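Engineer: Pasting a predicted model and its sequence here:
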Amino acid sequence: MYPEHPSHAPTQRAVEVHHPTPITPAAVTPAPLIPVQPHGMPTVASVVLPDGRVVTGYAMNPAQPEPVATKPPVSRAAVNVALGGVGFLAVCGGLLLLTTFITALTALITQLITLAAVIFGGWIAVQVFSASGSGGNTFNIRKAVFKRNHFNG
């Protein structure tokens with residue numbers, strides 16, 4: 001059953017072939033003259049192994065491979081990768097447009113704030129430097145007295 005150790009000398013083994021001995025029942029029934037194999041039963045085959053043993057068994061037909069399904073000219077993985085790339089490019093384009101829009105909106109808001117500051121500052125300057133008599137308060141400081149660098153009003 002197990003291979004011999006390499007240090008042992010190979011021994012010659014006699015080939016043993018076992019022949020079954022028929023059992024004779026007390027009442028012998030006549031056997032059919034022509035042996036009939038059942039339909040679909042394969043024939044019995046014997047094989048001599050390299051170590052001299054004989055193995056007897058039914059011959060089996062080799063397994064037939066399944067027919068190969070026709071493959072599409074382009075694999076599904078390639079189509080999925082291509083569609084993923086197209087989707088990624090569309091998203092990147094959309095993000096680029098979104099960032100451009102946000103940048104332009106920021107510049108517009110900055111310009112509007114600057115314009116409001118200039119207009120409001122101009123309005124304040126006009127109010128400060130406008131001629132008196134337009135309803136502003138006039139202070140007469142001719143009667144003020146200055147004593148030792150201190151103003152008494």
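Structural biologist: Sure, I can see it. Numbering: from 1, shown residues only.

Engineer: which residues of the chain fall in strands?
Structural biologist: Ranges of strands within the chain are 44-48, 54-58, 145-147, 150-152, based on DSSP state E.

Engineer: Could I get the average pLDDT for the third one?
Structural biologist: What that stands for is strand 145-147. Across strand 145-147, the average pLDDT comes to 59.

Engineer: just stretch 107-117 next, same as before
Structural biologist: 96.

Engineer: In it, which residues are buried?
Structural biologist: Neighbour counts over stretch 107-117 (16 or more other C-beta atoms under 10 Å) mark no residue as buried. Any C-beta I mention is one placed from the backbone N, CA and C, and that applies to glycine too.

Engineer: which other residues reach that stretch?
Structural biologist: Among residues not part of stretch 107-117, none is counted as a contact by C-beta atoms under 8 Å, 6 or more residues apart in numbering.

Engineer: What's opposite Val48 in the beta bridge?
Structural biologist: In this structure, Val48 bridges to Val54 when assessed by DSSP bridges.

Engineer: what about it, neighbour count?
Structural biologist: 11 (other C-beta atoms under 10 Å).

Engineer: and the gap between it and Ile102?
Structural biologist: As defined by C-beta to C-beta, to the nearest Å, Val48 lies at a distance of 86 Å from Ile102.

Engineer: Could you do Ile109 as well?
Structural biologist: Separation of Ile109 from Ile102 (C-beta to C-beta): 11 Å.

Engineer: Could you do Asn61 as well?
Structural biologist: From Asn61 to Ile102 the distance is 73 Å (C-beta to C-beta).

Engineer: more neighbours, the two?
Structural biologist: Neighbour count, other C-beta under 10 Å: between Asn61 and Ile102, Ile102 has more, with 10 against 6.

Engineer: Look at that one and report its pLDDT.
Structural biologist: pLDDT for Ile102: 94.

Engineer: and it, what is it in contact with?
Structural biologist: Going by C-beta under 8 Å, 6+ apart, Ile102 touches no other residue.

Engineer: Tell me how many other residues crowd Leu97.
Structural biologist: Using other C-beta under 10 Å, Leu97 is surrounded by 10 other residues.
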